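**Student:** Build the 3D model from these lines:
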Amino acid sequence: MKKNWVMVLLITAAAVILCGAKMYMDAREQKEMERAAYREAYAALKLEVDPSMMIWEYGSDCDLNQMILNHTGEISYESDADPMKPGEYDVKFRLTDRDVFNQTVEREFIYRITVADTMAPEIGLSQQNCVIIEGDSFNPADNVISVRDPVDGELPYDAAADTGAWHLEGEYDPDTPGEYTLTVKAADINGNQAESEFTLNVLSKQDVNIPAEDGGGNPYYIRVNRAMNTVTVYALNDDGEYEPYTAFICSTGPATPLGTYATFGKSRWRLLYGPCYGQYATDIVGDILFHSVPYFTQDEGDLEYEEYNQLGTSASMGCVRLCVRDAKWIYDNCPETTVVEFYDDYDSYGPLGRPESIWIDPESEYRGWDPTDPSPSNPWKQ
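**Tutor:** Have a look, this model is predicted:
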């Protein structure tokens, strides 16, 4: 009996051992299955980013979400990238999902992005070729409209600063006739540089002034360069000569004559060929006038704006078209018998150069108005 009892104990012990071994093997297999499931889910977490978004332009509105082309799982990210500070930054994307055993699976992707300032300052000049008469005062900084960084805005003038400012280089003598080259140099706060040149022509009084007798002693003498569509007004000075005073951009045409004439009449409004109408007309010779760009009717808000945008080109039949401001100036300041000389010079606009015209946007609600019209009703002035 005792022997049988021992056998039972041995068999029971063996069964327990075998059961325990099986449980151990089951647990181990379970762990392996869980690990395999985790690895599979981990490998399934994919992220595709746009390589073109790895470089951010300084000051741009960069969104990390825009870098992401495709991904699996839930996504989050963290980064200290600052688009206002050039440099290199790490961005960490974290993908999260659950495997078949409901285990949380995370995978991280780290990319390096660069914030770079590649845009140089923008320099705006009033004229590429400045012209003065010897002895006139001239400040080259007055020819600089603006020096502006696309992100940081206007840069100040500072001849001593290496960055974040602009300055002028070049020498000139307003009392000595000749051509001088001046250069505007600028550098933004991140060291991007830009420069722009312009010339200063100092003209000799002897070369440009006109004797008083040629203008009949009138306060002004007008020269119209048909070839370049510019008007130069000369004023009588204390030395008894006409010297360059101001310049206008204009439009002449096939019937614009050569020669020298004297004005003989004026009209606030004048019926023109078309039919159309011109403001501030001054008669020069025959049917040739100074007048504004045409209007469809005698209404200051009914401008032929497409014709206005052709100022500076040969666009008239023969009259000298001007913006309202310039036509009115002649109308108000130049008496009848003012001498007007028509000539052709394909090499020079005239001693004062060629002023710029204001372009009218055809889509603007104000397009029927000349931007230079001094009328208090002009919406461009309000």
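**Student:** per-residue confidence at E134?
**Tutor:** Looking at E134, its pLDDT is 84.
**Student:** Any idea what S79 is bridged to?
**Tutor:** V91 (DSSP bridges).
**Student:** check contacts around the closest residue in space to T297 that isn't next to it in sequence.
**Tutor:** In space, and not counting its chain neighbours, T297 is closest to Y277: 6.5 Å by Cβ to Cβ, 6 or more residues apart in numbering. Just so you know, the C-beta spots here come from the backbone N, C-alpha and C atoms, and that holds for glycine as well. By Cβ atoms under 8 Å, 6 or more residues apart in numbering, Y277 lies in contact with 269-271, 294-298.
**Student:** Out of the residues you listed, which two sit at the greatest distance?
**Tutor:** Distance extremes for the contacts of Y277: the farthest pair is R270 and F296 at 14.2 Å, using Cβ to Cβ.
**Student:** I'd like to know how far the nearest residue to S60 once chain neighbours are set aside sits from L64.
**Tutor:** Spatial nearest neighbour of S60, excluding adjacent residues (Cβ to Cβ, 6+ apart): P83 at 5.7 Å. The gap separating P83 from L64 is 11 Å, by Cβ to Cβ, to the nearest Å.
**Student:** go on, T338?
**Tutor:** Applying Cβ to Cβ to T338 and L64 gives a distance of 69 Å.
**Student:** Now stretch 246-257 - C-alpha only, PDB.
**Tutor:** The C-alpha coordinates for stretch 246-257 follow below in PDB (Å, rounded to 0.1, in the frame of the first residue of the first chain):
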ATOM      1  CA  THR A 246      10.200 121.300 -64.500                       C
ATOM      2  CA  ALA A 247       9.400 118.400 -66.800                       C
ATOM      3  CA  PHE A 248       6.300 116.500 -67.800                       C
ATOM      4  CA  ILE A 249       5.600 113.100 -69.400                       C
ATOM      5  CA  CYS A 250       3.300 113.400 -72.400                       C
ATOM      6  CA  SER A 251       1.900 111.700 -75.500                       C
ATOM      7  CA  THR A 252       2.300 113.200 -79.000                       C
ATOM      8  CA  GLY A 253       1.300 111.700 -82.300                       C
ATOM      9  CA  PRO A 254       1.800 111.500 -86.100                       C
ATOM     10  CA  ALA A 255       0.500 115.000 -86.700                       C
ATOM     11  CA  THR A 256       2.600 116.700 -84.000                       C
ATOM     12  CA  PRO A 257       4.700 119.300 -86.000                       C
END
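**Student:** Would you mark the buried spots in it?
**Tutor:** 247-253, 256 (16 or more other Cβ atoms under 10 Å).
**Student:** okay, now the domains of this protein?
**Tutor:** Here the domain parsing of the chain from automatic domain parsing is 36-117, 122-203, 209-377.
**Student:** Quick one: mean pLDDT for the last one?
**Tutor:** Read that as domain 209-377. Domain 209-377 comes out at a mean pLDDT of 95.
**Student:** picking up where we left off before, who has more neighbours, R270 and F296?
**Tutor:** The residue with more neighbours, out of R270 and F296 and counting by other Cβ atoms under 10 Å, is R270; that gives 21 against 13.
**Student:** Grab the most central residue of the chain for me.
**Tutor:** By Cα atoms, centre = their mean, the chain has its centre lying nearest to E122, at 7.9 Å.
**Student:** Among the buried residues of stretch 246-257, give me the pair with the biggest separation.
**Tutor:** Checking those with Cβ to Cβ, the most distant pair is A247 and G253, at 19.6 Å.
**Student:** Show me the helices in the stretch 201-350 of the chain, by range?
**Tutor:** 205-208, 305-308, 324-333 (DSSP state H, counting those that start in this stretch).
**Student:** The ones you listed: which one's closest to E32?
**Tutor:** Closest among the helices of the stretch 201-350 of the chain, once you apply Cβ to Cβ, is helix 305-308, at 81.4 Å.
**Student:** For the stretch 1-150 of the chain, give me the ranges with low pLDDT.
**Tutor:** Along the stretch 1-150 of the chain, segments meeting pLDDT under 70 span 1-25.
**Student:** And the helices in it, which stretches?
**Tutor:** Under DSSP H, counting those that start in this stretch, the stretch 1-150 of the chain gives helices at 2-44.
**Student:** quick one on the thing from earlier: the residue nearest to the centre of the chain against S196, yeah?
**Tutor:** No. At 9.3 Å, E122 does not count as touching S196 under the criterion of Cβ atoms under 8 Å.
**Student:** Figure out how far stretch 118-136 is from the centre of its chain.
**Tutor:** 16 Å (Cα atoms, centre = their mean, to the nearest Å).
**Student:** first to last residue in that stretch, what's the distance?
**Tutor:** This stretch, stretch 118-136, spans 41 Å end to end (Cα to Cα, to the nearest Å).
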